[in-house]
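Q: what's the 3D shape of this:
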Amino acid sequence: MAVKDSKGPVKRLVEFIMPPNSRGMCRTREKQLFILALGTISFLCFGSIWFLPEKQGPGGKVKVVRDKLQEQVENLILPPPPQDLGGEVNINPNIRHGVIDKPDPHKLEEKAHLDAQIELDEEIKRIRKNQEQQVLAKPNFDKEKDSKKSSSTAPEALDNKFAKPDKKPDADAPVSNNGPKIQGGEDPDSTAKERRDHVKGMMKHAWDNYVTYAWGKNELRPVSKRGHSASIFGSSSMGATIVDSMDTLFIMGMTEDFEKGKEWISNNLDMNQMGGDVSVFETNIRYVGGLLTAYAFTGDEMFKQKATHICDKLLPAFDTPTGIPYALVNMRAGSAKNFGWASGGSSILSEFGTLHMEFAYLSDITGNPIYRKKVEKIREVISQVERPKKLYPNYLHPKTGKWGQQHTSVGALGDSFYEYLLKEWLRSGKRDSQAKKMFDEAATDIEEMLIQTSASGLTYIAEWKYGRLEHKMDHLACFAGGMYGLAATEEKDANSERWMEIAKGITNTCHESYDRTDTKLGPEAFRFSEAVEARALKQNERYYILRPETVESYFLMWRLTKDQKYRDWGWEMVQALDNTCKVDGGYSGVRNVYQVGGNKDDVQQSFFLAETLKYLYLLFSDDDLVGLDEWVFNTEAHPLPIKGANTFYRPHSEL
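A: So this is what the prediction gives:
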């Protein structure tokens with residue numbers, strides 16, 4: 001007769017793991033240790049949720065986990081649309097200066113040369129065959145009804161009654177009519193007024209759709225109508241479009257939208273929550289620059305405090321033997337590093353050279369010299385390193401202080417370094433003589449070494465690569481038209497007449513790069529040869545991501561010369577954006593400017609609202625709105641007050 005087993009399931013499991021006759025294998029003390037370890041693991045697994053950071057609003061810490069899971073599930077269920085580019089393309093269209101997620105250039109160099117030659121031959125054949133049909137006729141625009149020139153107002157007398165830190169300004173107080181004009185500014189010409197109103201409508205369309213479909217996210221996907229975040233912003237949603245758009249909303253008088261953004265910034269913008277590696281450069285020009293302008297416009301201490309908080313989080317990037325900062329910083333860990341592909345771990349000229357304006361101004365309004373000292377150290381190192389061929393290479397190693405690859409560009413990797421030399425001299429009230437000296441030398445050397453004239457007379461800026469010229473100009477370099485024009489006007493020296501002609505020539509060439517496409521939008525880069533001028537030849541140069549550099553030069557050249565063509569060209573751009581980039585959910589970049597009705601990239605860049613639309617709005621405004629005698633624009637189009645000329649400078653103490 002079988003005997004029924006009276007042991008329960010738990011006892012049988014324990015005897016299976018630790019047999020009763022295995023005393024030598026597992027003693028009583030070892031059993032206790034095993035149970036203790038098991039309990040500890042269980043506590044860590046189920047108790048760690050209570051160590052997560054607090055999250056404002058209902059849900060608390062549990063909601064942190066739920067939100068992250070929900071975001072990942074959304075991406076799994078609704079992934080980004082496929083990139084049907086019609087060929088092999090290696091681009092990241094979410095890049096401000098073309099330096100994020102770039103592959104190792106050495107690995108693709110030989111293949112790129114071969115592909116470029118094949119594509120060049122095919123393109124030349126196609127152009128010669130279809131030369132009569134490839135360029136659409138220019139639109140027939142209405143002529144300006146009134147060609148009367150708008151005059152800039154005379155500079156205001158310096159008001160020494162600056163805001164003191166112990167007296168918090170009233171954030172809700174209206175802007176004084178006696179201070180710099182930062183709202184209003186309608187041009188008396190009716191056509192200019194109508195066009196400006198149209199641009200404001202574009203801003204409303206872009207902003208409203210961001211609010212509806214991507215509020216709090218970094219950017220908007222206007223086609224799929226959801227949030228988007230490029231790698232430059234790390235792994236967190238930190239409202240890049242909100243911060244980047246604040247001054248545009250303010251200038252356009254969109255008060256309710258400005259207040260909505262202000263409330264979000266006050267309650268949610270916290271870099272302690274920023275995950276992953278973020279770009280020091282992009283964080284500075286978009287977040288710090290945007291907040292500093294909002295502070296200058298309103299006097300609200302909250303904006304200054306947020307800017308200070310962010311700059312403090314960027315400081316670990318400067319902990320290098322030379323003081324040249326790294327490109328990426330992890331704000332949670334306090335660590336920093338460079339891109340692996342950037343010339344053996346070098347820092348990038350356009351990035352570490354585009355911090356001075358914001359950091360120096362922040363020191364002035366906080367009284368903390370640390371920010372200014374950091375950027376002055378960068379300037380000191382750059383000024384002491386010998387320049388090969390009198391040019392600044394795009395790479396400098398932060399540990400050795402030596403230049404990297406011999407590649408010089410006024411486009412990607414180099415551009416805003418030159419811009420900030422000129423503009424920091426202006427922002428300082430023309431006190432920073434070292435900045436002016438370095439700019440004059442660099443601008444003269446670029447003129448001698450890189451500025452070229454095509455067979456048909458187009459002025460362009462080539463690149464210097466490994467001892468020879470590459471006859472390619474980036475869209476990013478189109479800012480140089482405005483830069484040379486501004487330098488010619490402000491310096492008033494022996495270079496001025498020559499530099500103004502260069503400014504006009506570069507701006508005209510950039511317009512030609514737009515006018516020679518079927519969409520009337522400019523390509524990412526364009527080339528010059530005996531057969532082709534101002535056209536993109538490679539597939540990965542034909543996209544347009546709502547970039548502002550060309551209209552930036554239109555705006556500055558209109559203010560400086562009053563030549564009506566710059567307004568006409570700006571209106572052409574407005575029409576092209578509406579015809580090609582506008583979708584129900586906002587504005588999207590396009591993958592091929594030579595193809596009408598082609599694929600969209602489904603990204604509404606934050607700089608479209610911060611720069612492109614702001615410059616278009618100011619182009620059709622009167623000169624006294626954000627006047628050039630009181631404000632200087634950072635490279636993200638955030639106007640910073642000029643020291644000694646602007647009563648909104650708001651220094652920590654009278655300077």
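Q: tell me where the stretch 151-300 of the chain is predicted with low confidence.
A: Confidence mapping of the stretch 151-300 of the chain against pLDDT under 70 gives the ranges 151-177.
Q: against Arg427, how distant is Ser621?
A: Separation of Ser621 from Arg427 (C-beta to C-beta, to the nearest Å) stands at 22 Å. Every C-beta, even on glycine, is put in place using the N, C-alpha and C of the backbone.
Q: more neighbours, these two?
A: Each of Ser621 and Arg427 has its neighbours counted (other C-beta atoms under 10 Å); Arg427 has more, 29 against 24.
Q: pretty sure Glu282 is touching Ile232, no?
A: Yes - shown here, Glu282 and Ile232 form a contact pair, counting by C-beta atoms under 8 Å, at 4.5 Å.
Q: could the C-alpha coordinates of stretch 506-526 be exported in CSV?
A: Only the C-alpha atoms of stretch 506-526 are listed here, as CSV (Å, rounded to 0.1, in the frame of the first residue of the first chain):
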residue,chain,number,x,y,z
ILE,A,506,27.9,86.4,-50.8
THR,A,507,24.3,87.2,-50.1
ASN,A,508,23.5,87.3,-53.8
THR,A,509,25.2,83.9,-54.3
CYS,A,510,23.1,82.4,-51.5
HIS,A,511,20.0,83.7,-53.1
GLU,A,512,21.1,82.1,-56.4
SER,A,513,21.4,78.8,-54.6
TYR,A,514,17.7,79.1,-53.7
ASP,A,515,16.6,80.5,-57.1
ARG,A,516,18.2,77.6,-59.0
THR,A,517,16.1,75.0,-57.3
ASP,A,518,12.6,73.8,-58.3
THR,A,519,11.2,74.5,-54.8
LYS,A,520,13.0,77.9,-54.4
LEU,A,521,14.6,76.7,-51.2
GLY,A,522,18.3,76.4,-50.7
PRO,A,523,20.3,73.2,-50.5
GLU,A,524,22.4,72.2,-47.5
ALA,A,525,25.6,72.7,-49.6
PHE,A,526,26.3,73.8,-53.2
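Q: pLDDT on the helix or strand containing Tyr484, on average?
A: Element membership for Tyr484, per DSSP states H and E: helix 480-491. Per-residue pLDDT over helix 480-491 has a mean of 98.
Q: ditto for stretch 378-393
A: Here the average pLDDT along stretch 378-393 is 96.
Q: between the two ends of that stretch, how far is it?
A: 15 Å (C-alpha to C-alpha, to the nearest Å).
Q: need the helix or strand of this protein with the lowest average pLDDT.
A: helix 60-77 (a mean of 50; mean pLDDT, DSSP states H and E).
Q: residues in contact with Gln183?
A: 175, 250-251, 253, 625 (C-beta atoms under 8 Å, 6 or more residues apart in numbering).
Q: check which residues of stretch 273-290 are buried.
A: 274-275, 277-290 (16 or more other C-beta atoms under 10 Å).
Q: also stretch 247-255?
A: Buried residues in stretch 247-255 (16+ other C-beta under 10 Å): 247-252, 254.
Q: ok, the nearest residue to Gln405 once chain neighbours are set aside to Gln384 distance?
A: The shortest distance from Gln405 to any residue other than its chain neighbours is 4.5 Å, reached at Ser343 (C-beta to C-beta, 6 or more residues apart in numbering). As for Ser343, its distance to Gln384 is 20 Å (criterion: C-beta to C-beta).
Q: pick out whichever of those two has more residues nearby.
A: Neighbours per residue, other C-beta under 10 Å: of Ser343 and Gln384, the larger number sits with Ser343, 22 against 8.
Q: and what about the more buried one, helix, strand or coil?
A: With DSSP: H, G, I helix; E, B strand; the rest coil as the basis, Ser343 sits in coil.
Q: who are the contact partners of it?
A: 394-395, 397, 404-405.
Q: and those, which two are the farthest apart?
A: Asn394 and His397 (12.1 Å; C-beta to C-beta).
Q: using the three-state scheme, assign Ala336.
A: strand.
Q: find me the pLDDT at it, would you?
A: 98.
Q: check contacts around it.
A: 280, 316-317, 319, 325-326, 328-330.
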